[in-house]
Each structure stands twice: as C-alpha cells, then as structure tokens.
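Engineer: no FASTA, just this:
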DNA sequence: ATAAAACGTAAAAACATTTTGACATTATAA
DNA sequence: TTATAATGTCAAAATGTTTTTACGTTTTAT
C-alpha cells in the first residue's frame, strides 16, 4: 500500500513525532507506516488522514 | 467504525458470499465487518470499496 | 409447509499491527 | 564543528484481525 504521509506531513510542518502524538501512537509506528513496513489499521488510517486534513483515499493507494 | 457495506452491497445485488468471493475473503469475514464486530485491514477496506465502486471514505466513518 | 439460500455467531489458530526500549544514522542550526 | 533534532531500524511482547470449521437462525421461493 503506497502512501503520501511524508508529503502531507511536510506540508503541515509536522515531524514524525508531532504527527505521532496527534494520532496518539508512537513515533516508530508513524515511521514504519510512512516507510511502508506495514499498513496501519483502518482506525489509524482515518486518524492520520484527519490530522493531515486529507481523505483516506487521497493518502493511501492500494 | 461505522460502515455502509450492507447499503452498497444491496445496491449491487450482492449476497455476503458473492461480495466475499470478489474480495477473496470468507463470507464470515464480510459478515463480521458488516456487523461491526471488527474493522477490516486497510487493504481489505480498499478492496471492498473497489468492488462496491465507492470510496473508502464513503464506505467507512470513524 | 418445506427446501434452499442467506445470514449470524463462536472458539481457536494463524497472521498482522503496535508498543516498548534501545541504539544508530542523518540533517539542521548555533 | 558540535550539539540537537529528526529519522531509521530491530527484537520481543502485547494487542488486534482473519481464517477455519461448525452449527444455528432467518428469509425466500416453490
């Protein structure tokens, strides 16, 4: 699953740690997802999208 | 996580079993997700949305 | 009313994710 | 250049999801 977390995160000026805290997960989780080591749960995908003000469909692509 | 699988599935005239096969999962998996027993993986969420011709954002709501 | 199709549910095993804690590397600014 | 922030990565344990098998209930059509 491809994702544009880096792109939208930078656009917001967030570090991985800041994004992680806003999503209430660890920095390692955001890092792993951003680097495609695994996909987030649906819940977390929605949370990240919400925090970055984008649609899940725009943030992730199969 | 709320979902509108039933609504869009009926709109397509699919049974749970038909939808399951198109998504390459068991009928029980579709049934469990449709009845909110658990959320699907992000992959499966995208697959269900694709089969039902809708956006993930329109099919699921946090 | 009865058969067949569709749906609901449960427990356990298999599989995927997240957390935790730690350490390494790279980028940035003073 | 050196301290600091930011990022990358790992392994083990905790947590969560999916599959399988099996059986029960409800709906639909004849």
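Structural biologist: Looks like it came in fine. Here the structure is a predicted model, which is why all the values come from computation and not from measurement.

Engineer: all contacts plus neighbour counts: C-alpha atoms, from now on.
Structural biologist: OK.

Engineer: need the contact list for the residue of chain A found nearest chain B.
Structural biologist: With Cα to the nearest Cα, the shortest gap between chain A and chain B falls at residue A:42, namely 5.0 Å. Shown in contact with residue A:42 (Cα atoms under 8 Å, 6 or more residues apart in numbering or on different chains): B:39-42, B:45.

Engineer: What about those, which are in helices?
Structural biologist: B:42, B:45 (DSSP state H).

Engineer: Up against chain B, what does chain A have?
Structural biologist: For chain A, the residues in contact with chain B (Cα under 8 Å from any Cα of the partner chain) are A:1, A:39-43, A:45-46, A:55-57, A:62.

Engineer: so which of the residues you listed also contact DNA strand D?
Structural biologist: Restricting those to those touching DNA strand D (Cα under 7 Å from any atom of the strand) yields residue A:41.

Engineer: Let me have the residues of chain A next to chain B in JSON lines, extended by pLDDT.
Structural biologist: As requested, the residues of chain A next to chain B are arranged in JSON lines below (pLDDT from 0 to 100):
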{"residue": "A:1", "pLDDT": "92"}
{"residue": "A:39", "pLDDT": "95"}
{"residue": "A:40", "pLDDT": "96"}
{"residue": "A:41", "pLDDT": "95"}
{"residue": "A:42", "pLDDT": "95"}
{"residue": "A:43", "pLDDT": "94"}
{"residue": "A:45", "pLDDT": "97"}
{"residue": "A:46", "pLDDT": "97"}
{"residue": "A:55", "pLDDT": "97"}
{"residue": "A:56", "pLDDT": "97"}
{"residue": "A:57", "pLDDT": "97"}
{"residue": "A:62", "pLDDT": "92"}
